[in-house]
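Undergrad: below are the sequence and a predicted model for it; my questions follow.
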Amino acid sequence: MRVAVYARVSTPHQAQTQTIEQQLTRLQNHIKQQGWTLEESFIYRDDGYSGARLNRPGLDALRDRAAMAEIDVVLVSAPDRLARKYVHQVLLIEELQRQGCQVQFVERPMNSDPHDQLLLQIRGAVAEYERSLITERMRRGKVAKMRAGQLLPWTRRPFGYRLDAERPRDPTQVRLDEYESAVIRQIFAWYLEEHATLYSIARRLHDQGVESPRGQAYWTNGSIRGVLTNTAYIGTTYGNRFRIVSTQGRRSALSPVGSGESHQLKPATEWIPITVPAIVTQKEFDLVQEKLSHNQQRASRNNKRHEYLLRGLVNCGMCRLTAAGRTTAEGYRYYVCRGRVDKVRRASGEACLSRYLPAEQLDALVWADLCEVLSSPEQIAVALERAQSGQWLPQELPSRQATVKHAMAVIERRQERLLEAYLSEVLSLKEYDRKREELRKRETELSSQQRQLEAVAQERHEIAQVVQSIEEFCARVRVGLDRASFEEKRWLIELLIDCVVVKNEAVEIRYVVPTSEKGSHQPFCRLRMDYRRGLLKGLSHSN
């Protein structure tokens with residue numbers, strides 16, 4: 001009987017107090033009572049890892065070994081040690097059982113009896129409730145400590161400060177870094193000079209060899225603005241400022257969706273002020289904020305001097321970043337890829353090689369195509385019917401799915417070979433962990449791509465029969481297209497076009513078709529989703 005044991009504790013404190021050793025002792029005593037033997041290599045443990053997540057090194061190693069049919073029984077002290085969430089418990093138990101491996105809980109023995117299965121569900125729900133309760137208690141405890149001035153809200157120290165190594169969250173132990181605080185004062189002084197800009201400051205810092213807060217060789221406009229707007233530099237930092245919400249925007253229409261979560265500012269009345277050492281005076285800070293606000297109002301993206309019909313919708317097909325409008329001194333308007341002008345990319349020699357896109361020509365091309373679409377609703381009807389029958393699938397989608405599937409299989413084989421090399425003592429444990437972590441990250445990326453491709457394929461089969469509403473919508477908005485003002489054109493562009501992808505001489509317009517009364521009033525570009533192809537060059541829908 002090949003027996004493996006698994007033990008887990010959630011916090012470093014529990015790991016230090018040897019509670020995981022207590023679990024292992026109970027498991028080993030049970031093995032002796034059964035007359036089994038336990039090899040050292042069959043002991044899997046996760047010290048300080050939350051049971052709410054499946055990404056645990058000890059658990060991953062156990063699952064990998066079970067997949068190779070090298071384990072007959074896995075012993076765990078209790079279901080919540082395996083996972084906190086019931087759905088995760090079921091997933092792991094079913095996975096191990098498919099590999100011919102039984103899962104036994106020493107403190108709470110279970111079998112296939114319906115009553116035991118019900119009890120397992122109840123215990124899993126209780127464990128999940130306990131985790132939610134613990135999370136809420138921790139949140140309230142942190143808020144209480146911040147209100148008492150005993151806890152810093154920082155997860156990463158701001159540039160210019162030093163924290164105590166033993167008590168990094170203690171506000172009374174915050175000290176100024178002499179070099180970095182001098183840089184902060186210099187940045188504020190530079191910006192208050194006449195004609196100074198964020199770009200000019202970044203350039204001066206780069207010329208002087210000053211690294212950015214993240215250790216990069218080049219400061220970006222965003223990092224400079226972050227310094228100039230940080231209230232910690234006038235002696236007050238704030239906790240409890242953000243809440244987690246579903247993301248409403250996206251960095252680029254061609255970028256993956258990501259976690260789908262972002263941070264939203266709470267009302268200022270809910271912020272908790274915490275005192276830290278000041279670096280600049282209140283007067284300097286106020287003057288900087290006034291200049292920042294004035295420059296922001298005059299920024300090209302916020303004024304109407306230059307009319308860019310596709311502002312915020314153009315994407316580079318080469319580097320997959322967005323392209324912004326830019327007007328030359330001679331008055332010529334272009335859309336320029338951010339990857340071409342980004343200072344960090346240029347400094348590292350990775351600037352995009354895409355060409356400048358004449359804005360007037362591109363705007364006219366897209367507007368003419370949009371008018372053709374609105375004037376021919378039967379094209380939309382045909383495309384929707386094809387999508388409903390499952391005939392419309394991007395040609396590259398099946399090939400991309402096959403590529404990802406093949407890559408996943410390659411990763412799995414590499415993991416098996418890596419484990420065999422480690423078990424054969426060809427690799428050290430440190431080298432094995434490093435290589436395995438690299439494979440795990442790659443596998444996570446591929447899994448994310450696979451889910452996105454599956455979602456895109458599924459969308460093609462779930463488009464509702466909305467031909468009549470589409471025809472009514474087109475009839476309603478195509479009236480007066482010939483005499484539409486710039487603002488009206490811009491409204492239609494934002495409403496109906498997801499993005500415009502330009503690569504060399506090729507232009508791809510990705511449309512979105514509103515399929516409800518609500519959808520016809522909400523610009524698609526404000527929704528959080530991965531790219532969806534549209535009419536003519538593709539089709540999708542929004543509600």
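TA: Noted; the coordinates are in hand. Residues are numbered from 1 along each chain as shown.
Undergrad: for this structure, name the helix or strand with the lowest mean pLDDT.
TA: Taking mean pLDDT, DSSP states H and E as the measure, the chain has strand 541-542 as its least confident helix or strand, at a mean of 36.
Undergrad: quickly find the element holding Val143.
TA: Counting by DSSP states H and E, the element that carries Val143 is helix 114-147.
Undergrad: what pLDDT, on average, does that helix get?
TA: For helix 114-147, the mean pLDDT works out to 73.
Undergrad: now do the helix or strand following that helix, average pLDDT.
TA: Moving toward the C-terminus from helix 114-147, the first helix or strand encountered (DSSP H and E) is strand 161-162. The average pLDDT within strand 161-162 is 92.
Undergrad: and the helix or strand following strand 161-162, how far from the chain's centre?
TA: Sequence-wise, the next helix or strand downstream of strand 161-162 (DSSP H and E) is strand 175-176. Distance of strand 175-176 from its chain centroid, counting by CA atoms, centre = their mean, to the nearest Å, is 32 Å.
Undergrad: kindly state the domain boundaries assigned to this structure.
TA: Domains of the chain are assigned by automatic domain parsing as 3-135, 161-301, 307-390+464-543, 396-460.
Undergrad: I figured Ala357 hits Tyr332, correct?
TA: Rather than Ala, residue 357 is Leu. No: using CB atoms under 8 Å, Leu357 makes no contact with Tyr332, being 11.4 Å away. No exception for glycine: its C-beta is placed from N, CA and C like everyone else's.
Undergrad: which residues pair with Val336 across the strands?
TA: Ala324 (DSSP bridges).
Undergrad: that one and Asp433, how far apart?
TA: Distance, Val336 to Asp433, by CB to CB, to the nearest Å: 44 Å.
Undergrad: who has more neighbours, these two?
TA: Legend: neighbour count by other CB atoms under 10 Å for Val336 and Asp433, higher for Val336 (19 against 14).
Undergrad: surely Met146 meets Pro153?
TA: Yes: counting by CB under 8 Å, Pro153 is a contact partner of Met146 at 6.3 Å.
Undergrad: what sits closest to Lys405 if chain neighbours are left out?
TA: Ranked by CB to CB, 6 or more residues apart in numbering and with sequence neighbours excluded, the top spatial neighbour of Lys405 is Gln450, at 7.3 Å.
Undergrad: what helices or strands is the helix or strand that contains that neighbour leaning on?
TA: Using DSSP H and E, Gln450 falls within helix 429-460. Judged by 3 or more CB pairs under 8 Å, 6 or more residues apart in numbering; DSSP states H and E, helix 429-460 is in contact with helix 57-67, helix 396-423.
Undergrad: most tightly surrounded among these?
TA: Among the helices and strands packed on helix 429-460, helix 57-67 has the highest mean neighbour count (mean count of other CB atoms under 10 Å), at a mean of 19.
Undergrad: residue contacts, Asp46?
TA: If a contact means CB atoms under 8 Å, 6 or more residues apart in numbering, then Asp46 has 7-9, 56-59 as its contacts.
Undergrad: run the last query once more with 10 Å
TA: Residues near Asp46 by CB atoms under 10 Å, 6 or more residues apart in numbering: 6-10, 15, 20, 56-62, 81.
Undergrad: run through the neighbouring helices and strands of the one helix or strand Glu21 maps to.
TA: Using DSSP H and E, Glu21 falls within helix 19-34. When contacts are defined as 3 or more CB pairs under 10 Å, 6 or more residues apart in numbering; DSSP states H and E, helix 19-34 sits against strand 3-9, helix 12-16, strand 43-47, strand 73-76, helix 79-82, strand 102-105.
Undergrad: would you mark the buried spots in it?
TA: 19-20, 23-24, 26-27, 30-31 (16 or more other CB atoms under 10 Å).
Undergrad: out of the contacts of Asp46, who's nearest Ala217?
TA: Nearest to Ala217 out of the contacts of Asp46 is Pro57 (CB to CB; 33.4 Å).
Undergrad: how near is the closest residue to that closest one other than its chain neighbours to Ile20?
TA: Distances taken as CB to CB, 6+ apart put Asp46 closest to Pro57, at 6.6 Å, once the chain neighbours are dropped. Counting by CB to CB, the gap from Asp46 to Ile20 is 8 Å.
Undergrad: joint contacts of these two?
TA: Common contacts of Asp46 and Ile20 (CB under 10 Å, 6+ apart): 7-9, 81.
Undergrad: can I get those in CSV with pLDDT and distance to Leu418?
TA: Output for the shared contacts of Asp46 and Ile20, formatted as CSV (pLDDT from 0 to 100; distance: CB to CB, whole Å):
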residue, pLDDT, distance to Leu418
Ala7, 91, 24
Arg8, 89, 23
Val9, 85, 27
Arg81, 87, 27
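Undergrad: looking at the residues you listed, point me to the pair that's furthest apart.
TA: Val9 and Arg81 (8.5 Å).
Undergrad: any common contacting residues for the two?
TA: 20, 23, 46, 51.
Undergrad: that older thread, CSV please, covering the helices and strands packed on helix 429-460 and showing distance to Thr197 and mean pLDDT.
TA: Below are the helices and strands packed on helix 429-460 laid out as CSV (distance: least, CB to CB, whole Å; pLDDT from 0 to 100):
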stretch, distance to Thr197, mean pLDDT
helix 57-67, 47, 86
helix 396-423, 42, 76
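Undergrad: doesn't Gln208 make contact with Ala217?
TA: No: using CB atoms under 10 Å, Ala217 makes no contact with Gln208, being 11.5 Å away.
Undergrad: so these two - more neighbours on which side?
TA: Ala217 (13 against 9).
Undergrad: just to revisit the earlier point, out of the buried residues of helix 19-34, which comes closest to Ile411?
TA: Ile411 has its nearest neighbour among these in Ile20, at 30.0 Å by CB to CB.
Undergrad: sorry, back to before: now the helix holding Gln450: average pLDDT?
TA: Averaged across helix 429-460, the pLDDT comes to 76.
Undergrad: how far does that helix sit from its chain's centre?
TA: Between the centre of helix 429-460 and the centre of its host chain there is 14 Å, according to CA atoms, centre = their mean.
Undergrad: ok and it relative to helix 57-67, angle-wise?
TA: Here helix 429-460 points in a direction 80 degrees away from that of helix 57-67 (axes from the mean of the first three to the mean of the last three CA atoms, to 10 degrees).
Undergrad: next, the angle from helix 429-460 to helix 396-423.
TA: Relative orientation of helix 429-460 versus helix 396-423 (the same axes, to 10 degrees): 160 degrees.
Undergrad: so what's the closest residue to Leu481 other than its chain neighbours up against?
TA: Closest residue to Leu481 apart from its sequence neighbours, by CB to CB, 6+ apart: Cys371 at 5.2 Å. Contact analysis of Cys371 by CB under 10 Å, 6+ apart lists 478, 481-482, 484, 489, 492.
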